[in-house]
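> Here's a sequence, model it:
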Amino acid sequence: MKPIINSVNLNRSPEEVFDYLCDLKNELLWNPDMLLAEQLTEGAVGEGTRILCQWKGGPKLECTYTKFDRPHYWEAYAASKNLDIAFKCEVKPTEGGARITVSMTLLPKGLFRIMGPLLRRAFQKQEQKNMEKIKKAVENLNK
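Okay, here's the model as predicted:
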């Protein structure tokens, strides 16, 4: 399925943006649809870190960080019975802070494949809203 791609400029350093956003536990602070973000591995978030996640209306997913290059880039893969998600986030410096570009590829399984286009549309709409929530959360850090 074609990836869902969104970007937003943030008035924070790439390091601040990366550190805040790569830790899914922080999503609990800005996304009311996130119900669970429990780190299953020890230590700081990095390649190999696993986090158990759940969003409203969805199953629990185990998210594994597959690539991690602070403060530039990370990739993660979340797996569930009916839907897997491949996620990428790139953080680039800008004159006033940083720009994130988020790419999400939905990989429906079984009967969920039939619903692929509807799922993609729903996720695209939600991810566009999430960019504004992320901007507000990150730019209000330490205020």
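
> how about the strands of this protein, start to end?
4-10, 34-39, 50-55, 61-69, 73-79, 83-94, 97-108 (DSSP state E).

> Redo the ones you listed as a markdown table? Include mean pLDDT.
Output for these, formatted as a markdown table (pLDDT from 0 to 100):
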| stretch | mean pLDDT |
| --- | --- |
| strand 4-10 | 96 |
| strand 34-39 | 97 |
| strand 50-55 | 95 |
| strand 61-69 | 96 |
| strand 73-79 | 96 |
| strand 83-94 | 96 |
| strand 97-108 | 96 |
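
> Adding distance to residue 26, write those strands out as a markdown table.
For every residue, glycine as well, the C-beta is placed using N, CA and C. A markdown table is the format used below for the strands of the chain (distance: least, Cβ to Cβ, whole Å):
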| stretch | distance to residue 26 |
| --- | --- |
| strand 4-10 | 14 |
| strand 34-39 | 8 |
| strand 50-55 | 11 |
| strand 61-69 | 13 |
| strand 73-79 | 13 |
| strand 83-94 | 13 |
| strand 97-108 | 13 |
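
> For residue 134, find the nearest of those strands.
Between residue 134 and these, the shortest separation by Cβ to Cβ is 6.3 Å, and it involves strand 4-10.

> What pairs with that closest one, parallel or antiparallel?
Each strand that strand 4-10 pairs with, and the sense of that pairing, follows from DSSP bridges: strand 97-108 (antiparallel).

> thinking again about what came up before, tabulate the strands of the chain (JSON lines), appending mean neighbour count and distance to residue 19.
JSON lines is the format used below for these (neighbours: other Cβ atoms under 10 Å; distance: least, Cβ to Cβ, whole Å):
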{"stretch": "strand 4-10", "mean neighbour count": "17", "distance to residue 19": "12"}
{"stretch": "strand 34-39", "mean neighbour count": "16", "distance to residue 19": "15"}
{"stretch": "strand 50-55", "mean neighbour count": "18", "distance to residue 19": "15"}
{"stretch": "strand 61-69", "mean neighbour count": "16", "distance to residue 19": "12"}
{"stretch": "strand 73-79", "mean neighbour count": "19", "distance to residue 19": "11"}
{"stretch": "strand 83-94", "mean neighbour count": "17", "distance to residue 19": "10"}
{"stretch": "strand 97-108", "mean neighbour count": "18", "distance to residue 19": "11"}
